[in-house]
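Chemist: Predicted model and sequence below, questions to follow.
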Amino acid sequence: MACCREAPRVNIGRSMTNPVAVEVLRNGRIESVHRGAVAVCDAQGQLRLAVGDVKTPIFPRSALKPIQALTLVETGAADAFVVTGEELALACASHNGEAKHIAVATDWLARLELDARALACGPHWSLSEPVTLAMARTGSEPSAIHNNCSGKHAGMLTTARHLGVDVEGYEAPDHPVQIKIGEAISDLTDHDLDVAGPAVDGCSAPAYAVPLCGLARAFAQLSHLNSNSDARALASQRVTSAMFANPFLVAGTDRYCTNVIEAGEGRVLVKTGAEGVMAAALPEIGVGVAVKIDDGARRAAETAMATILLEIGGLAESTRDTLRKYAAATTRNWRGQVVGTIRAASGFPS
């Protein structure tokens with residue numbers, strides 16, 4: 001399978017060095033740089049822009065969650081178990097484990113007659129420092145339901161229940177739920193998944209590697225109602241609508257995804273992944289964007305994505321104001337003094 005049809009601006013090579021995408025400055029002097037790649041693709045598979053190596057497979061990690069959530073809808077599991085928009089947004093989330101996230105996940109699992117012990121993702125402290133400190137002060141310890149992937153796993157358990165297959169081992173690559181998810185990922189990215197099998201994600205679910213252009217293509221199709229089939233189009237619309245309607249559940253307080261989706265007014269959807277990955281969908285124009293920062297820096301992925309979205313244009317001024325804060329973010333010392341800037345490198349992303 002081909003990843004994306006190449007446009008004239010593409011500069012691709014497996015051994016190439018990706019360009020500097022983001023610079024970190026202190027007192028006007030470059031202190032650090034982050035190299036990376038970016039792909040912009042339409043739903044027909046045409047690359048609109050490729051900077052750096054967009055063909056070598058990378059791990060999108062949590063950026064794939066909206067694609068993984070399609071199986072929950074397409075199998076009929078979401079309807080069978082009356083999955084709400086809030087729950088569907090949580091299935092796509094890398095959440096903070098704040099009270100609202102925990103409440104939605106807990107109620108969802110209870111409807112499945114399950115609890116946190118059924119989740120294979122394992123526990124970790126909240127991604128939000130204030131939440132972690134508040135828990136520590138009360139002597140509370142996190143369970144798997146606090147894991148930022150607990151919504152994704154609740155969705156997988158719901159699908160297993162609906163298919164009538166064992167919920168034990170639902171995270172294994174050869175489980176029927178994961179096979180269906182893998183098929184959706186392969187279809188939307190237009191990429192044959194590794195026959196040797198996937199890696200293991202931080203939450204114990206399969207982690208597939210796909211080309212960056214394939215990730216951009218998947219997000220373009222996710223946002224495009226004339227996708228592969230009517231069923232896929234309807235499922236995509238349902239997933240994206242849930243995320244647009246519940247941006248807080250997609251991440252949480254002071255998080256990039258929540259802030260940008262909220263400011264985007266239904267025109268831009270973003271989803272972060274670990275290790276410097278970020279993907280976005282622009283439904284009105286049927287375009288997907290994918291970023292990978294070589295050193296895995298989240299700060300650089302946020303700046304790079306904001307810069308690209310500003311370049312694409314067509315967004316409301318209030319949305320652009322939010323994006324500008326990330327495209328040229330300030331850094332502060334422990335006293336709160338502004339000491340530097342994180343910005344896109346000169347000439348990026350062209």
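Modeler: Done, it's in.
Chemist: any idea how far the spatially most central residue of the chain lies from residue 270?
Modeler: Centroid-nearest residue in the chain, with Cα atoms, centre = their mean: residue 63, separated by 2.4 Å. Using Cβ to Cβ, to the nearest Å, residue 63 is found at 9 Å from residue 270. For the C-beta atoms, the positions are set from N, CA and C on the backbone; glycine is no exception.
Chemist: Common neighbours of those two, please.
Modeler: 278-279 (Cβ atoms under 8 Å, 6 or more residues apart in numbering).
Chemist: Go ahead and confirm residue 127 touches residue 254.
Modeler: No. With contact defined as Cβ atoms under 8 Å, residue 127 and residue 254 do not form a contacting pair (10.3 Å).
Chemist: Of those two, which one has the most company?
Modeler: Taking neighbours as other Cβ atoms under 10 Å, residue 127 and residue 254 compare with residue 127 leading, 18 against 11.
Chemist: Figure out the length between the terminal residues of stretch 203-216.
Modeler: 23 Å (Cα to Cα, to the nearest Å).
Chemist: residues of it that come out buried?
Modeler: Neighbour-count burial for stretch 203-216 flags 203-208, 210-216 (criterion: 16 or more other Cβ atoms under 10 Å).
Chemist: Name the nearest residue to residue 339, sequence neighbours excluded.
Modeler: With sequence-adjacent residues excluded and distances taken as Cβ to Cβ, 6 or more residues apart in numbering, residue 339 is closest to residue 333, at 5.1 Å.
Chemist: quick one: the one you found and residue 26 touch, right?
Modeler: No. Proximity of residue 333 to residue 26 does not meet the contact threshold set by Cβ under 8 Å, at 10.1 Å.
Chemist: Report the set of residues contacting both of those two.
Modeler: By Cβ under 8 Å, 6+ apart, the residues touching both residue 333 and residue 26 are residue 339.
Chemist: Just want to know which of the two has more residues nearby.
Modeler: Set residue 333 next to residue 26 and count neighbours by other Cβ under 10 Å: residue 26 wins out with 12 against 9.
Chemist: roughly how far apart are the more buried one and residue 346?
Modeler: For residue 26, the distance to residue 346 - Cβ to Cβ - is 17 Å.
Chemist: So for residue 197, what's the pLDDT?
Modeler: Looking at residue 197, its pLDDT stands at 82.
Chemist: what's the distance between it and residue 172?
Modeler: Taken as Cβ to Cβ, the span from residue 197 to residue 172 is 10 Å.
Chemist: any chance you could map the strands in the chain?
Modeler: 20-26, 29-42, 47-51, 57-58, 199-200, 206-207, 210-211, 269-273, 277-282, 287-293, 328-332, 338-344 (DSSP state E).
Chemist: what's the fifth one packed up against?
Modeler: If I follow you right, that is strand 199-200. Identification of packing neighbours for strand 199-200 by 3 or more Cβ pairs under 8 Å, 6 or more residues apart in numbering; DSSP states H and E yields strand 206-207.
Chemist: How about the third one?
Modeler: Here strand 47-51 touches strand 29-42, helix 212-222, going by 3+ Cβ pairs under 8 Å, 6+ apart.
Chemist: More neighbours: which of residue 197 and residue 172?
Modeler: Neighbour tally, residue 197 and residue 172, criterion other Cβ under 10 Å: the higher count belongs to residue 172, 15 against 12.
Chemist: Settle this for me: that one is touching residue 178, isn't it.
Modeler: Yes. Here residue 172 reaches residue 178: they are 6.5 Å apart, a contact under Cβ under 8 Å.
Chemist: Closest to residue 30 out of the buried residues of stretch 203-216?
Modeler: residue 212 (25.2 Å; Cβ to Cβ).
Chemist: Appreciated, that's everything.
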